[in-house]
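S.K.: Kindly return the folded structure for what I paste below:
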Amino acid sequence: MRKKVEIIFLSLLFSFSFLIWAKTFALDEENPHAFMDKSDKRHIFCSECHENDPNTVVSYLDVRLKQSVTASCLRGNEGIGGKSCHSREKLGRTHPTDVKPKEGMKIPEDLHLDENMQITCATCHDPHGDWTSPIAMVAREPKLVGSERYRSYFLRRTNVQSALCFACHTDK
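M.R.: Numbers count the residues shown, from 1 in each chain. Here you go, the predicted structure:
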């Protein structure tokens, strides 16, 4: 009888430990851009980054920011609506920003340059995009726990096999 109780106890302990471990390493964190909830038609936080109401302009080129895209993303602990934004240290940037594309480089229309025709964070990342994607946006990305979706990293295109990079860097 004691052996049976020990087995049950150990089984429960193992199951509980596994659940705690799975939760600890799960990718089910909150959407860091939830303050831009598209279902909230008031767009309360638009004015945190934008000078004009982005819902009233015809083209993304007409959207005016209070500061550059890069500065808007790198707000550090200042944050928006109580949420901290990216810091230069944590962002892990892998591509130069605030630079013009090389001479002759063709930038696809869905990869936006800023009003100075420079590459910014928003060239590859859509800060207003969906937090999840039905397809993997980066290689070896596991599905979100309890979902059939993947983290999007707010990428405008998938970067599996460097597809996003090759959209502009066609000479590689």
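S.K.: quick one: low-confidence ranges for the protein?
M.R.: 1-45, 60, 76-84, 88-93, 172 (pLDDT under 70).
S.K.: how about the strands in the protein?
M.R.: 132-133, 150-151 (DSSP state E).
S.K.: so which of the ones you listed comes closest to residue 53?
M.R.: strand 132-133 (26.7 Å; C-beta to C-beta). Backbone N, C-alpha and C define where each C-beta goes, glycine included.
S.K.: tell me which strands and helices that closest one is in contact with?
M.R.: If you count contacts as 3 or more C-beta pairs under 8 Å, 6 or more residues apart in numbering; DSSP states H and E, strand 132-133 packs onto strand 150-151.
S.K.: List the neighbouring strands of the strand it packs on plus their orientation.
M.R.: Strands adjacent to strand 150-151 in the sheet, as given by DSSP bridges, are strand 132-133 (antiparallel).
S.K.: Near residue 75, how many other residues are there?
M.R.: Residue 75: 17 surrounding residues under other C-beta atoms under 10 Å.
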